[in-house]
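Engineer: The sequence and its predicted three-dimensional model are supplied below.
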Amino acid sequence: MEETVNITINNWSEDLLQELSEFTISIWKEKRPELQVERLVNWFKNLDLKYSPIALIAKVKKEIIGWIFFVQMTATEAEINPWALNGHPIVIKEYEDRFLVSKSLIAEAIEYSKTKGINRTELSFRDNSNEMKICYEDLGLCLIEQNCHMRQELLNETEYIKQFNEYEIIPISQIDKNEFFQCFLKTFRASKDLWLTDKTDVEMQNYFNEVILADDFPLIESASIGVLSNNQLIAFSIVRESHGENNGQLWIMGVDSNYRRKGIGREIIHYIKSILIQEGYKSTSLNVNLANIPALNLYLSEGYEEVWIQTSYTWKLKK
């Protein structure tokens, strides 16, 4: 007789946090022996989330066999097991039907998304598990991007030229938010970044307001700039303190399609590096979609090196 798997939707709480952290560490103890329960508990506690998360938990005879952390990121988008949880459902590997449990958890998350008016639910991971990819595709999730995290150490003796002779540079904080959004929208509608071009205008607006402008990580104001031509915003950068100590992460950079191939992107990178060195940062990093070949080639030519590649699958509400 097959065991009955029950899946429940649970509001996030202090007790649940502890129980699920202990369960997760027990699953990861071979691959990540250095990770302790207390560290994971603290990671959960330090999350600054706009929307209250939930836990979808699979049990057999009241014993947890798997779970996923469901986080609503914007008014219309959500993520499954984001960031340190690496996307995949966390299921006891010895459980015979663990792939079926994983599929059931994600299917339940999709149904929950529908009830909450969420149009898009994503999961991202850094490994190359073909079994799990097949599992996601069976559920109607589509491969949406492969994102490369790149990094470069900053050397004090390296000089970067800050020119912008033809353009005006002002702090991004002085740009009108609507003008900034319109430049952002135009820039990425013309880009090779499928993860953004696939979004509707409403989703782009929500992402801009709730992720791009979010203050979860400190803004490095001196490196976050708007580039103007005849008082019109034609390029921008946002740089934040994240992805490691003394590191400046290029959160996002864009150049209006009418001004590409003029070296503006490279000038922005040089400007950012010179500021970061001046202010004592030791490294800089960024994420780039592997499908965006021009941007990838630019970063490689500027000395950034690949650290890891993250694959993302997305469920979208069919209209």
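Structural biologist: Thanks, I have it. Numbering: from 1, shown residues only.
Engineer: Find the least confident helix or strand in the protein, judged by mean pLDDT.
Structural biologist: helix 194-197 (a mean of 77; mean pLDDT, DSSP states H and E).
Engineer: and the very next helix or strand once past it, what does it pack onto?
Structural biologist: Per DSSP states H and E, the first helix or strand lying C-terminal to helix 194-197 is helix 201-207. Applying 3 or more CB pairs under 8 Å, 6 or more residues apart in numbering; DSSP states H and E, we find helix 201-207 packed against strand 77-80, helix 177-189. (Each C-beta comes from the backbone N, C-alpha and C, glycine too.)
Engineer: so which of the ones you listed gets nearest residue 152?
Structural biologist: Counting by CB to CB, residue 152 lies closest to helix 177-189 out of the helices and strands packed on helix 201-207; the figure is 23.2 Å.
Engineer: Show me what that closest one is in contact with.
Structural biologist: Applying CB atoms under 8 Å, 6 or more residues apart in numbering, the set of residues contacting helix 177-189 from outside is 172, 196-197, 201, 204-205, 208, 212-213, 226, 233-236, 252, 254-257.
Engineer: How about residue 66, nearest residue that isn't a chain neighbour?
Structural biologist: Counting by CB to CB, 6 or more residues apart in numbering, residue 66 lies nearest to residue 91, which is 3.4 Å off, once chain neighbours are set aside.
Engineer: Buried subset of the contacts of helix 177-189 as a PyMOL selection?
Structural biologist: Listed next is the PyMOL selection for buried residues among those, using 16 or more other CB atoms under 10 Å:
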select buried, resi 172+196+204+205+208+226+233+234+235+236+252+254+255+256
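Engineer: where's residue 169 relative to residue 193, distance?
Structural biologist: With distances taken as CB to CB, to the nearest Å, residue 169 is found 24 Å from residue 193.
Engineer: What does the pLDDT read for the closest residue in space to residue 302 that isn't next to it in sequence?
Structural biologist: In space, and not counting its chain neighbours, residue 302 is closest to residue 269: 5.4 Å by CB to CB, 6+ apart. Note for residue 269: predicted pLDDT of 95.
Engineer: cool, and residue 39?
Structural biologist: pLDDT for residue 39: 93.
Engineer: Tell me how many other residues crowd it.
Structural biologist: 12 (other CB atoms under 10 Å).
Engineer: what about it, distance to residue 24?
Structural biologist: 11 Å.
Engineer: And for residue 167?
Structural biologist: Taking CB to CB, one finds residue 167 at 49 Å from residue 24.
Engineer: which one of the two has more residues nearby?
Structural biologist: residue 24 (21 against 17).
Engineer: show me what contacts the residue nearest the centre of the chain?
Structural biologist: The centre of the chain sits closest to residue 83, judged by CA atoms, centre = their mean, with a distance of 7.3 Å. If a contact means CB under 8 Å, 6+ apart, then residue 83 has no contacts.
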